[in-house]
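Visitor: coordinates only, sequence not included:
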């Protein structure tokens, strides 16, 4: 069952911006914490940002001040606005949702559902 679909990835030069979107099914999104993670080649997947049902946000230190996570509860959509991109941000970005909690979490194992990912490539 496809519960969420990411879009918005692409190729951008360092210093540029991209906006990722993740549209989820209502049961996956409503009153659930949502997150973005990423996985670069040869590296483990890492937490990037999360948002709870009340719009409280949490960030990886490396992206705080450059990335902004938000959600539109009427559209079942979570966004990741990425500004001042660096080559180290190159990765596949995944949208995740919690099974039974409206809270956000820094821990990826707390998210039961993940999308198929969208590639972000930042060139120098």
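Guide: Thanks, I have it. In this text the structure is predicted, and so the values were computed from the model without any measurement.
Visitor: switch to C-alpha atoms for all contacts and neighbour counts from now on
Guide: Will do.
Visitor: buried stuff in the worst-scoring helix or strand of the chain on mean pLDDT?
Guide: Taking mean pLDDT, DSSP states H and E as the measure, the helix or strand of the chain with the lowest value is helix 26-29, at a mean of 94. Neighbour counts over helix 26-29 (16 or more other Cα atoms under 10 Å) mark 26, 28, 29 as buried.
Visitor: nearest to residue 57, of those residues?
Guide: Nearest to residue 57 among the buried residues of helix 26-29 is residue 29, at 15.7 Å by Cα to Cα.
Visitor: in the chain, which residue is closest to the centre?
Guide: Nearest to the geometric centre of the chain sits residue 36, at 2.2 Å (Cα atoms, centre = their mean).
Visitor: in space, what's closest to that one - neighbours in sequence excluded?
Guide: Spatially, and ignoring its direct neighbours in sequence, residue 36 is nearest to residue 95 (4.7 Å; Cα to Cα, 6 or more residues apart in numbering).
Visitor: in which helix or strand does the one you found reside?
Guide: Following DSSP states H and E, one finds residue 95 within strand 91-97.
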